[in-house]
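Undergrad: One predicted model, sequence on top.
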Amino acid sequence: HYTVFIHLVDEQDTILASHDGRPMMGRYTTLAWRPGYLVPDQHPIVLPADLPSGKYRLRIGLYLPDTGVRLPAYNLQGEGLPGDYCILPIE
């Protein structure tokens with residue numbers, strides 16, 4: 001069973017806030033997932049009170065909690081993503 005990680009990082013790749021948790025709060029194990037199915041999921045991230053405005057990114061991926069090994073992540077061309085996570089820019 002995989003766990004989701006979400007990291008809010010700055011331009012230097014410093015983790016400023018994060019959340020780890022099972023998909024759908026543990027109600028829908030990754031063992032039941034099927035290719036092409038979208039899994040709606042929410043993960044609250046508490047932002048630091050002193051977080052300045054700026055450019056940030058979310059790093060999102062999956063890992064096995066027993067080992068910490070991440071599920072490989074790929075782009076649309078099938079190329080492996082460094083760090084085995086997807087990146088979403090935010091401002």
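TA: In hand now; what should we look at? Numbering: from 1, shown residues only.
Undergrad: Assess the claim that Ala17 and Leu8 are in contact.
TA: Yes: counting by CB atoms under 8 Å, Ala17 touches Leu8, with 4.3 Å between them. Using the backbone N, CA and C atoms, a C-beta is placed for each residue, glycine as well.
Undergrad: Would you mind giving the secondary structure of the most centrally placed residue in the chain?
TA: In the chain, the centroid-proximal residue (CA atoms, centre = their mean) is Ile60; its distance is 1.9 Å. Three-state assignment for Ile60 (DSSP: H, G, I helix; E, B strand; the rest coil): strand.
Undergrad: ok, and the helix or strand in the protein with the lowest average confidence?
TA: strand 86-90 (a mean of 88; mean pLDDT, DSSP states H and E).
Undergrad: outside of it, which residues touch it?
TA: If you take CB atoms under 8 Å, 6 or more residues apart in numbering as the criterion, strand 86-90 is touched by Lys55, Tyr56, Arg57, Leu58, Arg59, Ile60, Gly61, Ala73.
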